[in-house]
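Novice: got a predicted structure here, sequence first:
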Amino acid sequence: MKRRGTRVPGWITAAACAAMLGIAPLAAGEEPAEPELLGAATPEQILKVSPDWKAIYDAYTPDAATVAKIGEAVAKAKGDLRIEVIFGSWCSDSLDQVPAFLKILDQAGKDAIPAVYTGVPREKEKRGDLMTKLKIEAIPTFIVYRKDAEIGRIVETPKATLEADLLEILAKPVKC
């Protein structure tokens with residue numbers, strides 16, 4: 001008499017493999033996670049992380065008077081400003097703040113303040129020396145420099161609004 005093997009349905013095999021690898025199945029209607037945007041990034045790449053990033057950019061309306069004052073402060077600085085943005089494409093605070101920041105800079109004058117964007121991995125131990133070197137405590141962090149000296153930073157969430165906090169930093173008197 002021949003013994004017939006028991007056939008295991010494919011979905012059970014897939015679920016068992018996923019469980020062994022520590023991969024949680026997606027809930028009904030849940031989208032797969034977007035890949036992390038790591039290292040140097042452009043505003044265009046950032047807005048393509050997921051549809052949510054572009055939607056927040058489109059929906060954000062910065063205070064026009066504050067943005068105009070940012071433009072004036074930038075003009076007074078005569079090219080001595082730059083901003084470094086450390087963010088996580090996986091981070092909800094980055095999702096809230098970085099698209100809004102991009103919108104503020106666009107409205108202040110597309111290339112008025114040079115900005116460098118650096119995406120970091122979710123896993124802290126994989127972030128390297130950058131976090132220590134720049135003294136990053138939370139993501140996102142916006143570091144504003146004048147003549148290569150840090151004049152202020154916005155960490156994680158603004159105190160008031162992103163544009164108001166940026167203006168407060170830019171309005172600081174220039175130290176000789």
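Specialist: Nice, thanks for sending it over. Numbering: from 1, shown residues only.
Novice: which strands and helices lie in contact with the lengthiest helix in the chain?
Specialist: When the chain is parsed with DSSP state H, its longest helix is helix 92-108. For helix 92-108, the helices and strands in contact under the criterion 3 or more C-beta pairs under 8 Å, 6 or more residues apart in numbering; DSSP states H and E are helix 43-47, helix 51-59, helix 64-77, strand 81-87, helix 162-170. Bear in mind the C-beta positions are built from the backbone N, C-alpha and C, glycine included.
Novice: got the ones you listed as CSV, with distance to residue 115, mean pLDDT and mean neighbour count columns?
Specialist: Formatted as CSV, the helices and strands packed on helix 92-108 follow (distance: least, C-beta to C-beta, whole Å; pLDDT from 0 to 100; neighbours: other C-beta atoms under 10 Å):
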stretch, distance to residue 115, mean pLDDT, mean neighbour count
helix 43-47, 8, 96, 16
helix 51-59, 14, 96, 14
helix 64-77, 12, 91, 16
strand 81-87, 4, 95, 21
helix 162-170, 11, 96, 21
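Novice: same list (these) but as JSON lines, adding distance to residue 93.
Specialist: Output for these, formatted as JSON lines (distance: least, C-beta to C-beta, whole Å):
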{"stretch": "helix 43-47", "distance to residue 93": "14"}
{"stretch": "helix 51-59", "distance to residue 93": "12"}
{"stretch": "helix 64-77", "distance to residue 93": "21"}
{"stretch": "strand 81-87", "distance to residue 93": "9"}
{"stretch": "helix 162-170", "distance to residue 93": "12"}
